Each structure stands twice: as C-alpha cells, then as structure tokens.
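Chemist: below are the sequence and a predicted model for it; my questions follow.
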Amino acid sequence: MSFPTGITNINNFAPELPVQAAEDLLSTPMFNLIHSFGVDLHHAEAYIGKTTRMSRFERLSTDGGQLDGSGIDPASEVPVRTDIDATMEIYAKSIVTNEQVVLYENSKTLTKFTALLGQWLREKEDLLMRDLFSSSVSYINCTGGTNGDQPSNISLNDVNNIETILLNNDARTMLVSIDAENKFSTGPTRDAFIALASTNLTNDLQKVQGVLLKNAYPAQQGLRPEEYCSISRFRFFVSSKGAKTPGISTLGRTVYTIPMYGLEAAAKIEQNSYTAVIGYRPPWVVSSVAQNSQLYAKFAIARAITNQNWISGLNTTTYNPS
Amino acid sequence: MPFTILYGDSFVSDGTAKKILLPGNADYFKFVNQTQTPLAGTTCIAGEWYGAKFGAGATAVNDGTRWRKAASNAVLIDTFQTAVASNGFTYVATTPVIEAQNAAAITAITAATPAVVTQAAHGYSNGDIIQFYGTTGMLQISGLNFQISGVTANSYTLVGLAAAGFAAPATAGFTRRISKFLAVDPQFLFITAVSKATQMVVTFSVDPSAYYVVGMKMEFSIPFGLGMTELNSLTGTILSINAATYQMTFDINSTAFTTFVFPVSAQAALTPLFATAAPAGASTKRDPNTFVETGYNFQYQAFKTGQFTPYMVLGGGGAGNATGAIGDVINYIAYKLEN
C-alpha cells in the first residue's frame, strides 16, 4: 500500500526530456587489424595499368667456379628473374542518409558516418590480406597436440617445425630482440618472425611449452595491442577475424590457420591517388526532392605472396572443441 | 528506394537443383515455371525470395513463397518449407569455403585407382569439389579436397586419388561441397602423388588447369613422413598440364629423390598432412621456334580475388519444387535495391 505524501518526485512528475546524451559516444566495435602491418608496402602509379609486377633475381649457383689453370673458363649462368604479379582491385561502401536524420540527430551525423566508413576501410583491407594468407600459402598440420584430432592443437614442436622451414629457406626475422632486464618473472625475446592467429586460440597458446606471455616481456614500449605472446622464434598477434574454416578437421572441428612469416614474404600494393577515397553526394544529386544524401568510401588494393619460401604456417584445432 | 533489375534469364529444368550466378548480389528474386503455369495439376508454378534487407520479412534459408496448383486447378499460396522442406531458395552472398548445405554421409571409398565413392543421393555434379572428414579406414584423406567426376546417382570418382595401395577402403565418413575457388587466386593445391622422373609429374586432388598455366612457378611443401623430403621448399616451373589426370609436369629432376608416399591410414594421426604446392610467381620465357611466351598470363598469374560470384540455388526437382519437372522451362529474374 502506498500513501500520498505530497512530495513531488519522478513518479508523479516525470522530466520533460526523459533522456539526454552522455558526454561522448560509446565505442564502435573494431577487430584487431593484424594482417597488414607485417607485409611490404608498394605503390602503383596511376594511368599505367592495373597489374603491378614485383621482380626478384634468384641467386646464382655456388657450385664449382674454381679456375684450374687450364685456361678454360667456367660455365656461365643465365640469371633467373622471378616475377610476382598482383592485380589492383577496387572496393567501395556507401551510406545513404535521409535529411531528417541529419536534421534531428544531435549533431554532426555525417561526421560520424564518415568515421564509420573510415573504419570500414581499415577492416576491409585487413580481411583482404587475411584471405590472401589463407588461400595462397602452404600450411602444415599440427601433430604435437594431445586432442586426438588431425590437425591437433598447437604444440612447441609444431612451432619449431615452422621455424626450421623458414630458417632452411633463409628467411629473415621481422622483429628485433627484446633484451633481458633485471625484472622478476620476465624473459627476453629473440629476434622473431611473426604469427597471426585467431583469438579462439589464446587458451591453447597459453599452454604451449615455453610460451612467454606479453606481460612477461622485459619491456612493453612500442608493443602493439594485438600482440599476445612469444613462442620460440615467433611473436603471436591475435584477432577475432583470424583465419578459420569450420568443420574440416578429421573429427569435424574448426581448423584455424596461422600464417607465420618473415621479411618480404607478402606485399600490399596501394594505388596512388586511390588509397582511401571518401566522398559525399549532396541530396539534390541523390534524390529528386533533395532529401537523401550519400557518403561513400573507396579504396584500391593489390596483394601478393612475394616469396613462398619465407612464409609458412600451421593448421590447428583447439584442445577444447570449438 | 527503387529496385534495379539485376539479371534475368530462363533455363530448361533437368529435374535437379539449379545454381544461378548473381553478380552484384540480389535483394529480391522470383521465378515462373512457364511450362506448368497453364497446365492442370499440383505443380509449383512460381516462387519469390526476399533478401536480408527485408528484415523480419526476409526469406529463411531453403524457404520462399510458393505458388502452386491444387488438384482443382485453383492456385494456392504457401511456402516451400510448408510442403517440401528445403527445396526452395538458397542464397549465398559471401565467399564460402564450404557451400551452404549440410554434411552428407558416405558409405564407402574403394581402395582402387582411381578411388570411387559410394554416397546415396549425393546431388553433386561433375567438377564439384568436396572435402572429406571423419573418414573411417582412410584417415589420411580427412580434410582433403577432391574434384569429382563420373557422377552417378549414388557414386562418383576421385581422379586425383590413387588409392590402390591403401591399407583399407573407407567404410564411412562425411563430405561437404566447398567453393571451387578460394578467396584469392592463384591458390594452393593438395598433392596426392609425385613421380620420380627427370621432369617430375605431380598429381593433385583437383584439376590444376583451372588455376595454373604453363610457365608459372610453384613452391612445394612436403611434410616429414611423406617421403621425398628433397622436394620440400623447392620451387619448380610448370612445363605442361594434364586436365584429364589432374597432373602437372615440372622442371625438377626427381630421379634421385626418395619416393613420395601418400600416408597409409594408420600414419595419419601422427603425420603432419598434407603435401601442398603454392603459387610462386613466374619467369618469362619466349620460345623462338613457336613464338610462344610463358609466364606472361596476367589472367592466371597475378594474385587477385578468387572467382566467387554470389549465387542462388533453386531447390531440387519434382512437381512441388522450384525447378519443377524435367523439361520445364523456367524464367527467373533478380532485383537489387538501389540504396
């Protein structure tokens, strides 16, 4: 039972404006962008075709070569040039806005939408590079784990196998070492290749023998927020959009693909004058009664694996089915 | 927010599901069975599909609005799932690794060359690529892609799998049809056999001519346990391609290499499958006698988006289904919202 008290409160006298905006917008979710920062960046000039060719001279044979005094010259060798081509592609996204939204929203609607398109540019580029890694590289199935699947969950032995492959092919590490410091519970990292993994693998990464979680690095300056840990000669970066294929393990589980590579393994080519085009179509262009306007974003990108010998990686499943 | 007509055409039904490519995506799709419309009977005569932009009104997977005739020749309207479950519209708009379908069970794979799979009412077509998992007896092919040929109602052949030396046939397992092209071309391929020859011949699990041309280079990945470790990390140039046998010849002399051995079933759990080959560019050459240049084929050689195109699958054949009876002429048209 309630008794009237005569006190004016929010139950008998509601505010005129029931809501107010908080001082700032909440964050728009954005996944970790891990698939672009480790690749070489090239630029394509405008007006000279859509295919970019990257060329590499293969090294000469080191067999023979000794002059034995006979006066006979050693056999000459024809240098071999390997050409890697990449085709430029254009991607676009638009937002159509009714004038009433612009009129009634609190402020700067178009600015907010422009920011959304900017985020789309970064995210789309990241996924395109991820797709390159998952489609055009050879991967080795993990077998050192104990989950009984093929591929198995990840183990130190599996990681070391990839290091051997890269070192046997003269790949160069990408990240410099972090020297040891006199701090408890920290350990140095060696100069390292990079590995890109799904966030679903973090539980398994923590259990790999010899793992050094990021907080145990002696120094934290300059580390990317996407970095998760260091295992052997690899530093792992994780993203919720890491490559995975559902249902293809022997037991029908999701298989996660971990690209692992060093310097100059892959390339991203940006088109000059077209790396990020943001535009606005005013309402009198979009709509006959000038009510709808349009924002758009476009970018051009080409991508390629530039040296297959310097990139490899693992197919893995999780210990707990996922 | 007007519609734009995206694409339209007609086809003659063969009594099975029909896959219709829709470049540019679609928001609305309809078809009319021109053959059945004027006839009496209980046949489906038309159908409509609404895309995701219709929100709550969007068509569920495998469903769609259906117009059909009653025995009295009156027109009735229902949905495909009401009467003939899963035989309406299936729309796929993003690059799928695994196509929109349920896994299907197999009952046997012969230990023969080439291997033959027994699978009741599989619904696959010649040239489809399928992936096995959960295979019993042949653990070593779980996770491997194969292109199929020689399709009959309940079986098909795996040209790329020489299983005559396998320890045992498979007695059970599952398959899924996967996209013919991965997200990026050229893509890596699975190796099932490698010859020892002055010009090495490599057998792949799919027809390589869809992805590679003469003059391109490939880098080989041969995990330990499969033999021929000398080939691991070598790069070779393609000299010829045999689309019938899924083989390519390379400029690598493998005569002195150890023998490549596709793992027997018992090894599969410990052997880091699979042997693969991945694109490694090209070296341009010009034959002065034939004037043929190799390594200049931008169409294949350059890295680019895979050839995925959004598509609509009209459900399987039959009187009540979207693709009607054999010989029915069906018109279809796809629309796209401009905004």
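Modeler: Great, that's in hand.
Chemist: in the lengthiest helix in chain A, what's buried?
Modeler: When chain A is scanned for its longest helix (criterion: DSSP state H), the result is helix A:109-135. Residues of helix A:109-135 classed as buried: A:109, A:113-114, A:117, A:120-121, A:124-135 (neighbour count, 16 or more other CB atoms under 10 Å in any protein chain shown). (C-beta placed from N, C-alpha, C; glycine too.)
Chemist: and it, what other elements does it pack with?
Modeler: Counting contacts by 3 or more CB pairs under 8 Å, 6 or more residues apart in numbering or on different chains; DSSP states H and E, helix A:109-135 packs against strand A:89-98, helix A:99-104, strand A:255-261, strand A:266-271, strand A:277-281, strand A:292-305, strand B:184-185.
Chemist: point out the most buried one among those.
Modeler: Highest mean neighbour count among the helices and strands packed on helix A:109-135 (mean count of other CB atoms under 10 Å in any protein chain shown): strand A:255-261, with a mean of 26.
Chemist: show me what it is in contact with.
Modeler: A:38, A:133-134, A:137, A:139, A:151, A:154, A:162, A:166, A:171, A:174, A:193-198, A:200-201, A:234, A:242-245, A:248-249, A:310-318, B:143 (CB atoms under 8 Å, 6 or more residues apart in numbering or on different chains).
Chemist: how about the CA coordinates for that strand, as PDB?
Modeler: Output in PDB follows, covering the C-alpha atoms of strand A:255-261 (Å, rounded to 0.1, in the frame of the first residue of the first chain):
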ATOM      1  CA  VAL A 255      40.500 -25.700 -38.300                       C
ATOM      2  CA  TYR A 256      42.400 -22.500 -37.600                       C
ATOM      3  CA  THR A 257      45.100 -21.300 -39.900                       C
ATOM      4  CA  ILE A 258      48.200 -19.500 -38.500                       C
ATOM      5  CA  PRO A 259      50.300 -17.700 -41.200                       C
ATOM      6  CA  MET A 260      53.900 -17.400 -39.900                       C
ATOM      7  CA  TYR A 261      56.400 -15.400 -41.900                       C
END
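Chemist: in its sheet, what does that strand sit against?
Modeler: Using DSSP bridges, the strands paired with strand A:255-261 are strand A:193-198 (antiparallel), strand A:244-245 (antiparallel), strand A:311-316 (antiparallel).
Chemist: most packed of those strands?
Modeler: With neighbours taken as mean count of other CB under 10 Å, these reach their highest mean count in strand A:311-316, at a mean of 28.
Chemist: what average pLDDT does that one get?
Modeler: What strand A:311-316 shows for mean pLDDT is 96.
Chemist: what's whichever strand or helix holds residue B:67 in contact with?
Modeler: In this structure, residue B:67 sits in strand B:65-69 according to DSSP states H and E. For strand B:65-69, the surrounding residues in contact (CB under 8 Å, 6+ apart) are B:36, B:39-49, B:59, B:75-80, B:82-83, B:88, B:320, B:322.
Chemist: kindly report the same for stretch B:40-48.
Modeler: If you take CB under 8 Å, 6+ apart as the criterion, stretch B:40-48 is touched by B:28-33, B:36-37, B:59, B:64-71, B:73, B:75, B:80, B:88-89, B:314, B:319-322, B:324-325.
Chemist: give me the buried positions along it.
Modeler: Of the residues in stretch B:40-48, those buried (16+ other CB under 10 Å) are B:43-48.
Chemist: start to end distance for it?
Modeler: Distance across stretch B:40-48, first residue to last, is 21 Å (CA to CA, to the nearest Å).
Chemist: same check on stretch A:180-198?
Modeler: So stretch A:180-198: terminal residues 28 Å apart, CA to CA.
Chemist: residue ranges with poor pLDDT in the stretch 1-150 of chain B?
Modeler: B:1-2, B:82-87, B:94-103 (pLDDT under 70).
Chemist: mind running it again at 50?
Modeler: By pLDDT under 50, the weakly predicted segments of the stretch 1-150 of chain B are B:100.
Chemist: in this structure residue A:154 contacts residue A:143, no?
Modeler: No. Judged on CB atoms under 8 Å, residue A:154 makes no contact with residue A:143 at a distance of 10.2 Å.
Chemist: what about these two, which has more around it?
Modeler: With neighbours defined as other CB atoms under 10 Å in any protein chain shown, residue A:154 and residue A:143 compare such that residue A:154 has more, 28 against 24.
Chemist: doesn't the more buried one belong to a helix?
Modeler: No. Residue A:154 is assigned coil when assessed by DSSP: H, G, I helix; E, B strand; the rest coil, not a helix.
Chemist: for chain B, see how far away it is.
Modeler: Counting by CB to the nearest CB, to the nearest Å, the gap between residue A:154 and chain B amounts to 12 Å.
Chemist: those helices in chain B, which residues are they?
Modeler: Along chain B, the segments classed as helices by DSSP H run B:80-83, B:298-301.
Chemist: understood, closing this out.
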